[in-house]
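*Asks:* Sharing a sequence plus its predicted fold:
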Amino acid sequence: MKMTVAAPEVVRTIADLRSKIAEYRLRAGPAAKVGFVPTMGYLHEGHASLIRRSAAENGLTVLSVFVNPLQFGPNEDFERYPRDEKRDYAVAAEAGANLIFMPQVEEMYPRPMQTSISVRGVTERLCGASRPGHFDGVAVVVTKLLNIVAPDRAYFGLKDAQQVAVISRMAEDLNMPVEIVPCPIVRDADGLALSSRNVYLSAEERSQALVLSQALKKVPEWIEDGATAPELTGRIARLIRTKPLADIDYVEVLSYPALEPLAETLPLKLAGERILVALAVRFGKTRLIDNVLIG
């Protein structure tokens, strides 16, 4: 049963959200399906694509907007992370969300957390290596949100492919009764992957940041040419470094979703498994991530 299309309702407390979801399930009956899109807000077309997919596949779509302090390091951008509730509401309404959960930090963390969740292996490379503790914070807040919403499906964008791998493994290991649905990266017309942090970029930084998608676009061609993992990362890094404002954090080629290194001497076209080519690069103070999945 589809919830009647209407302006989405903003919910501030866990108790109220649980009550409204329970009311929907009681009204809709055994066939009721709830979809969930967790976000940190400042919504863009990438988030909207997740909301639209959930709305198409479920009777009720719940969106959360919460900037989670646990996943930010001490010198990261928690305080200045962009926030705009009116904008978020407008995007969510247009895309088809039914309930928007917008809690305060005190609602989600009424007292200091004494419980931690760590997903080993898949968190130890890429952003996990350069942002210690980040994925532990992600795992805690996603677990809390999944327990609060109890959705049938939860939708995550593959722009952060490592996050999708971490959450999928956590849900599998802990027997969470939810389907984790990975969704494609959404890009601007010029190729830049959509991100809430893109707003930080100056005009020149944004122009130079296009090299990220340009480099990733060449990956299938380079793999077909017989490149090994070290050769591929070298070619990508050299192209990125042609832009003077680019400061590379990492460029890596790993198996997906295990995120394990691949044999250095084997041409990637012979790898026989799905490959993630991922990168993180700073332009000024803004750290951008992007990736392509092959196979």
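*Replies:* That came in fine, so what should we check first?
*Asks:* tell me the SS of P82?
*Replies:* coil (DSSP: H, G, I helix; E, B strand; the rest coil).
*Asks:* That one - nearest residue in space that isn't next to it in sequence?
*Replies:* Spatial nearest neighbour of P82, chain neighbours left out: Y42 (4.1 Å); criterion: C-beta to C-beta, 6 or more residues apart in numbering. For glycine as for every other residue, the C-beta is placed from the backbone atoms N, C-alpha and C.
*Asks:* Give me the neighbour count for that neighbour.
*Replies:* By the criterion of other C-beta atoms under 10 Å, Y42 has 21 neighbours.
*Asks:* Kindly report the same for V292.
*Replies:* 19.
*Asks:* Confirm it sits in a strand?
*Replies:* Yes: V292: assigned to a strand according to three-state DSSP.
*Asks:* Now for the residue nearest to it when sequence neighbours are not counted: which residues touch it?
*Replies:* Of all residues not flanking V292 in the chain, L216 sits nearest, at 4.5 Å (C-beta to C-beta, 6+ apart). Applying C-beta atoms under 8 Å, 6 or more residues apart in numbering, one finds that L216 lies in contact with I236, V277, L279, D290, N291, V292.
*Asks:* repeat that with 7 Å
*Replies:* V277, D290, V292 (C-beta atoms under 7 Å, 6 or more residues apart in numbering).
*Asks:* for the host helix or strand of the first one, packing partners?
*Replies:* Spelled out, that is V277. Element membership of V277 [criterion: DSSP states H and E] is strand 275-283. Judged by 3 or more C-beta pairs under 7 Å, 6 or more residues apart in numbering; DSSP states H and E, the packing partners of strand 275-283 are helix 161-173, helix 203-217, helix 229-240, strand 246-255, strand 286-294.
*Asks:* closest to Y109 out of those?
*Replies:* Y109 lies closest, by C-beta to C-beta, to one member of those: helix 161-173, at 19.1 Å.
*Asks:* can I get the CA coordinates of the closest one in PDB?
*Replies:* Output in PDB follows, covering the C-alpha atoms of helix 161-173 (Å, rounded to 0.1, in the frame of the first residue of the first chain):
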ATOM      1  CA  ALA A 161      31.600   2.900  -2.100                       C
ATOM      2  CA  GLN A 162      33.600   2.100   1.000                       C
ATOM      3  CA  GLN A 163      30.700   3.200   3.200                       C
ATOM      4  CA  VAL A 164      28.400   0.900   1.200                       C
ATOM      5  CA  ALA A 165      30.800  -2.000   1.700                       C
ATOM      6  CA  VAL A 166      31.100  -1.300   5.400                       C
ATOM      7  CA  ILE A 167      27.300  -1.000   6.000                       C
ATOM      8  CA  SER A 168      26.500  -4.000   3.900                       C
ATOM      9  CA  ARG A 169      29.100  -6.100   5.800                       C
ATOM     10  CA  MET A 170      27.800  -4.900   9.200                       C
ATOM     11  CA  ALA A 171      24.200  -5.600   8.300                       C
ATOM     12  CA  GLU A 172      25.200  -9.100   7.100                       C
ATOM     13  CA  ASP A 173      27.400  -9.900  10.100                       C
END
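*Asks:* relative orientation of it and strand 275-283 in degrees?
*Replies:* Put simply, helix 161-173 runs at 130 degrees to strand 275-283, going by axes from the mean of the first three to the mean of the last three C-alpha atoms, to 10 degrees.
*Asks:* Give me the angle between helix 161-173 and strand 246-255.
*Replies:* In terms of direction (the same axes, to 10 degrees), helix 161-173 departs from strand 246-255 by 40 degrees.
*Asks:* Tell me the helix or strand right after helix 161-173.
*Replies:* strand 179-183.
*Asks:* Buried residues, that next one. List them.
*Replies:* Residues I180, V181, P182, C183 are the ones in strand 179-183 that count as buried (16 or more other C-beta atoms under 10 Å).
*Asks:* Please tabulate those in TSV, including the columns distance to S116.
*Replies:* Converted to TSV, the buried residues of strand 179-183 look like this (distance: C-beta to C-beta, whole Å):
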residue	distance to S116
I180	21
V181	26
P182	25
C183	28
